[in-house]
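A.B. asks: pasting the sequence and the predicted coordinates here, then a few questions.
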Amino acid sequence: MTKQIIKGTILSILIFFSISFLTILFQINSPQKRTEGFYELSIGFPYEYYHEFMLNCPIPNSGWNGECLIIDCLLTWGITMLLLIIVERKNKNKA
């Protein structure tokens, strides 16, 4: 059981980082985000936990939402653990 929790936690960390990276990647050079003199970056799915925007160069305005960060981490961990348990039970029943 401990091995399964460690495996699920490591997998959920990798998934969380991947989702966060993809939210940044989809915003880079996006036609929807292009506006003259205004820059905006949001990180987090399904809840936005970091927001940055620039009105006057070169100082960006930014802010973290710790509550949304924790919720995103817990959601990712819970869904990953649930899927891992389902997959391992199916593999156990086949053997």
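C.D. replies: In hand now; what should we look at? Numbers count the residues shown, from 1 in each chain.

A.B. asks: rest of the way, CA atoms for contacts and neighbours
C.D. replies: Will do.

A.B. asks: show me what contacts the residue lying closest to Met54 once chain neighbours are set aside?
C.D. replies: Nearest residue to Met54 in three dimensions, chain neighbours excluded: Pro60, at 4.6 Å (Cα to Cα, 6 or more residues apart in numbering). Shown in contact with Pro60 (Cα atoms under 8 Å, 6 or more residues apart in numbering): 52-54.

A.B. asks: check the gap between Thr23 and Ile15 for me.
C.D. replies: 12 Å (Cα to Cα, to the nearest Å).

A.B. asks: again, but for Gln27
C.D. replies: 19 Å.

A.B. asks: now do Trp64
C.D. replies: From Trp64 to Ile15 the distance is 20 Å (Cα to Cα).

A.B. asks: what's the answer for Tyr49, then?
C.D. replies: 16 Å.

A.B. asks: of the two, which one has the most company?
C.D. replies: Tyr49 (20 against 16; other Cα atoms under 10 Å).

A.B. asks: the helix or strand bottoming out on mean pLDDT in the chain pairs with which strands, parallel or anti?
C.D. replies: None of the helices or strands of the chain scores lower by mean pLDDT, DSSP states H and E than strand 39-43, at a mean of 83. Using DSSP bridges, strand 39-43 pairs in its sheet with strand 50-54 (antiparallel).

A.B. asks: related to what we said a few turns ago, for the residue nearest to Met54, give its distance to Glu40.
C.D. replies: Taken as Cα to Cα, the span from Pro60 to Glu40 is 9 Å.
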